[in-house]
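give me the fold of what follows.
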Amino acid sequence: VQLVESGGGMVQPGGSLRLSCVASGFTFSNYDMSWVRQGPGKGPEWVSTINPGDGSTYYADSVKGRFTISRDNAKNTLYLQMTSLEPDDTALYYCARAYGSSTGADYWGQGTPVTVSS
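Residues are numbered from 1 along each chain as shown. Modelled structure (predicted):
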């Protein structure tokens, strides 16, 4: 199993970024996929999850209305469109398979950094 994130970078407040996570080594379309972030000096924070079947999506209150999670099962790719970025969104963003708040994920990517600063 491999999860490889990309798309992070530095952006000004109010800006946008799109993160991608390419999955391999398993049947991507069978699994919940999530984004989890960890800001400097903070613990992991769940951001969003998308279900494999009906594509139902779930968001943390802190990002609701600003971030959009999506997936392309044909490309084995998970996305996170981030808009109206704020300095508090600064974090290392991880792609995670089968994430649970009490169990964590069974597989993680290496993370892609997002810095929001003027």
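
only C-alpha atoms from now on, for both contacts and neighbour counts.
OK.

and the residue nearest the centre of this structure?
The chain has W35 as the residue nearest its centroid, 2.6 Å off, counting by CA atoms, centre = their mean.

quick check: that one vs S117, distance?
21 Å (CA to CA, to the nearest Å).

ok, Q110 - contacts?
Residues near Q110 by CA atoms under 8 Å, 6 or more residues apart in numbering: L3, V4, E5, Y94.

correction: V22
By CA under 8 Å, 6+ apart, the neighbours of V22 are L3, V4, E5, K75, N76, T77, L78.

also P13?
S84, L85, E86, P87, V116, S117, S118.

okay, and the beta partners of Y59?
Beta-bridge partners for Y59, by DSSP bridges, are S48.

hmm, it is touching I50, no?
No: judged on CA atoms under 8 Å, Y59 makes no contact with I50 at a distance of 9.1 Å.

more neighbours: which of the two?
I50 (23 against 19; other CA atoms under 10 Å).

mind checking how far that one is from Q2?
For I50, the distance to Q2 - CA to CA - is 18 Å.
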